[in-house]
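1. sequence first, then the predicted structure, then my questions.
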Amino acid sequence: MGGRFSKALLGATILAAGLWGGAAAAEPARIKVMIFNIWLGGDQVSLAKTLEAIRQADPDVVLLQEAMTNTRMIADRLGYDFASPRQHLLSRFPILDAGQPVGQDYSLLEVTPGRFVAVANVHLDWTEYGPYAARDGQTAEAILAVETDLRLSGIQPWLDALEPLAAAGLPVVIGGDFNSPSDLDWTEAAVGTRPQVKFPLVWPAAHAVSAAGYTDTWRSLHPDPVANPGITWSWGYPQPLLWEGETQDRIDLLFARNATVEASEIVGGAMPDVGIVVTPWPSDHQAVVSTLTVEPAPAPTMIAATERKVHPGEALHLRYSVAGTPDGRLEDGWVEILAPGGKVGESLQTLYSNDTTDRMAVLEVATFDMAPGAYDAALVDKDGNELARTTFWVEAEGAKPQLATDKASYQAGEPIVVRLENAPGDRYDWLAVFPKGEADEWNYYSSAYTLGAIAGQVTIEGDESLEPGEYEVRLLADDSYRAIAKSASFTVTAK
């Protein structure tokens, strides 16, 4: 469960359109993917056990939910060479962030040179939970209306963003905490097997993924939802402590397209259907790990910054791949470092894509004399044509997050536009309106995700419930309630 959802705008890596590859297909590869809601940072029971669960599963790729600023730390502790805090992703393969806004974001993992698998980490809206509504007597029609509004609308942008890749044959993995059951679980035969399963129901979010051609990896190998319900949420807070009347369902789902499912197990405590046991189990969710055979495929031409922001003097690595070549190489091309929106030819620094016959896929940017701020990196071919572009930031040593509202006074219900600077850029950083000086971390009004923005503007929707008085906006870290910055106070007047 957990998580919040709202819409704002994020400027990030741009995935440029490119020619699809004409090279021979890659050899099949086996990859193991894990989804794991680690429960509010992973240390509510034992960080050591959270790490042990991942070690025992031994995945190549981990999609974390509720990581709460701990993605990079977990990757370092476990020895994963690549991590994306923006997507709560750990990987043994190089990661190229496709640059989509959070809510439709995904990464391309370079399994072999110039050949990729796409992965998307899903955490859908947790409010108005459907199995609770069924438990409490709501009709199937009422539940489906809410599911369509909250969770089908949440998954559809991912499906739309990934469809061109999947349709072109690229292996695609979508997984995470759906906050609703699988469309394959509440069958006629399952009615009555758990108190909340009062009628068959095709849950819309999972069904949309299935209908788009993806395979529910665990259910594909355990097809009977009565014999193997595969409960992932919840066996306890933590196990074995469970609220009276709590529902239990399989809501942590891992889907794959253009892939063959070789194995799939639930990782958790000593509970039914669990194949990899860790005691004590450290989360309120069980995890899922699936082994897939895939043929990694070319992707559109792209460039991505491995580190989205660095301090002056730190190395900034740019990773790229060009479609239509045997291994993603760019012969006799270069990368130009530009001011934001700058034109090719106005380079502040030029990096070359090869030295004689060498294939280069990663370039280092010298940042020691770069002024703090945003920069673009443009991938350019030998004829001077721009192929793709990405954005990164240089941040002054000791710089702290800053935020400012666009006005000093608002009427109740008026939107509040907030300007961000030096934000962490983690996946679920968020903004909330608090009474000035409020001590209670839960006593906030309207809110909005930053969608991983490091700098820019985010609009918080107007709140009619704000009474006249003084307020402030706080920036909170990665789905936590830990404030890391606040605006100057502003007043709210009656409408």
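-> Ah, there it is.
2. and the nearest residue to Val278 once chain neighbours are set aside, what does it touch?
-> Spatially, and ignoring its direct neighbours in sequence, Val278 is nearest to Ala53 (4.6 Å; C-beta to C-beta, 6 or more residues apart in numbering). Where C-beta positions appear, they are placed from N, C-alpha and C, glycine not excepted. When the contact criterion is C-beta atoms under 8 Å, 6 or more residues apart in numbering, the partners of Ala53 are Phe36, Val267, Ile276, Val278, Trp281, Pro282, Ser283, Ala287.
3. would Ala53 count as being in a helix?
-> Yes. Assignment of Ala53 by DSSP: H, G, I helix; E, B strand; the rest coil places it within a helix.
4. hmm, back to that, so which of the contacts of Ala53 sit within strands?
-> When DSSP state E defines the strands, the subset of those inside them is Phe36, Val267, Ile276, Ala287.
5. the closest residue to Pro200 other than its chain neighbours in helix, strand or coil?
-> If you skip the residues right next to it in sequence, Pro200 has Glu188 as its closest partner in space, 4.8 Å away by C-beta to C-beta, 6+ apart. State at Glu188, reduced to three classes by three-state DSSP: coil.
6. repeat for Asp105
-> Using three-state DSSP, the three-state assignment for Asp105 comes out as coil.
7. next: Arg30.
-> Assigned by three-state DSSP, the conformation of Arg30 is strand.
8. contact partners for the closest residue in space to it that isn't next to it in sequence?
-> Of all residues beyond its chain neighbours, the one nearest Arg30 is Thr293 (5.5 Å), with distances taken as C-beta to C-beta, 6+ apart. Applying C-beta under 8 Å, 6+ apart, one finds that Thr293 lies in contact with Pro28, Ala29, Arg30, Ala259, Thr260, Glu262.
9. which one of the residues you listed has the most neighbours?
-> With neighbours taken as other C-beta atoms under 10 Å, the top of these is Ala259, carrying 23 neighbours.
10. bridge partners for that residue, pull those for me.
-> Assessed by DSSP bridges, Ala259 has beta-bridge partners Val294.
11. which element is the residue nearest the centre of the chain on?
-> With distances taken as C-alpha atoms, centre = their mean, the chain has Gln87 as the residue nearest its mean C-alpha position (3.5 Å). Counting by DSSP states H and E, there is no helix or strand that carries Gln87.
12. these two touch, right, it and Gly103?
-> No. Here Gln87 does not reach Gly103: they are 11.4 Å apart, not a contact under C-beta atoms under 8 Å.
13. ok, the residue lying closest to Arg194 once chain neighbours are set aside to Gln138 distance?
-> Nearest residue to Arg194, sequence neighbours excluded (C-beta to C-beta, 6+ apart): Gln248, at 6.2 Å. From Gln248 over to Gln138 the distance is 18 Å, taken as C-beta to C-beta, to the nearest Å.
14. returning to that earlier point: residues in contact with the residue nearest to Arg194?
-> Residues in contact with Gln248 (C-beta under 8 Å, 6+ apart) are Arg194, Pro229, Ile231, Trp233, Ser234, Trp235.
15. am I right that Ile143 is in a helix?
-> Yes. If the criterion is three-state DSSP, then Ile143 is within a helix.
16. isn't it right next to Ala134, touching?
-> Yes. Ile143 is within contact range of Ala134, at 6.1 Å (criterion: C-beta under 8 Å).
17. what's the overlap in contacts for these two?
-> By C-beta under 8 Å, 6+ apart, the residues touching both Ile143 and Ala134 are Leu201.
18. can you check the pLDDT for the residue nearest to Arg30?
-> At Thr293, the pLDDT value in this model is 98.
19. do the one 4 residues further on as well
-> Ala297 is assigned a pLDDT of 96 by the prediction.
20. so which two of the ones in strands among the contacts of Ala53 are the farthest from each other?
-> Comparing all pairs in these by C-beta to C-beta, the longest separation belongs to Phe36 and Ile276, at 11.4 Å.
21. okay, those two: which has more neighbours?
-> More neighbours sit around Phe36 than around the other of Phe36 and Ile276, counting by other C-beta under 10 Å; the figures are 33 against 16.
22. show me what the strand or helix carrying Leu363 is packed against.
-> Following DSSP H and E, the helix or strand that holds Leu363 is strand 362-365. Counting contacts by 3 or more C-beta pairs under 8 Å, 6 or more residues apart in numbering; DSSP states H and E, strand 362-365 packs against strand 316-321, strand 349-352.
23. what lines up beside it in the sheet?
-> Looking at strand 362-365 with DSSP bridges, its paired strands and their directions are strand 316-321 (antiparallel).
24. show the average pLDDT along the partner strand.
-> Mean pLDDT, computed over strand 316-321, is 95.
25. and it, C-alpha only, in CSV?
-> Below are the C-alpha coordinates for strand 316-321, written out as CSV (Å, rounded to 0.1, in the frame of the first residue of the first chain):
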residue,chain,number,x,y,z
LEU,A,316,29.3,13.5,-14.7
HIS,A,317,28.8,10.4,-16.8
LEU,A,318,26.8,10.4,-20.0
ARG,A,319,25.7,7.1,-21.3
TYR,A,320,24.3,6.8,-24.9
SER,A,321,23.2,4.3,-27.6
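26. so which bits of it are buried?
-> Applying a neighbour-count criterion of 16 or more other C-beta atoms under 10 Å, the buried positions in strand 316-321 are Leu316, Leu318, Arg319, Tyr320, Ser321.
27. what bridges to Arg474?
-> Beta-bridge pairing of Arg474 under DSSP bridges involves Ala432, Lys486.
28. what's the separation between it and Ser153?
-> Summarising the geometry, the distance separating Arg474 from Ser153, computed by C-beta to C-beta, is 27 Å.
29. what about Ala399, neighbour count?
-> Residues lying near Ala399 (other C-beta under 10 Å) number 14.
30. contact partners for the nearest residue in space to it that is not next to it in sequence?
-> Distances taken as C-beta to C-beta, 6+ apart place Asn422 nearest to Ala399, at 4.6 Å, with adjacent residues excluded. With C-beta under 8 Å, 6+ apart as the criterion, the residues that contact Asn422 are Glu395, Ala399, Lys400, Pro401, Gln402, Ile454, Ala455.
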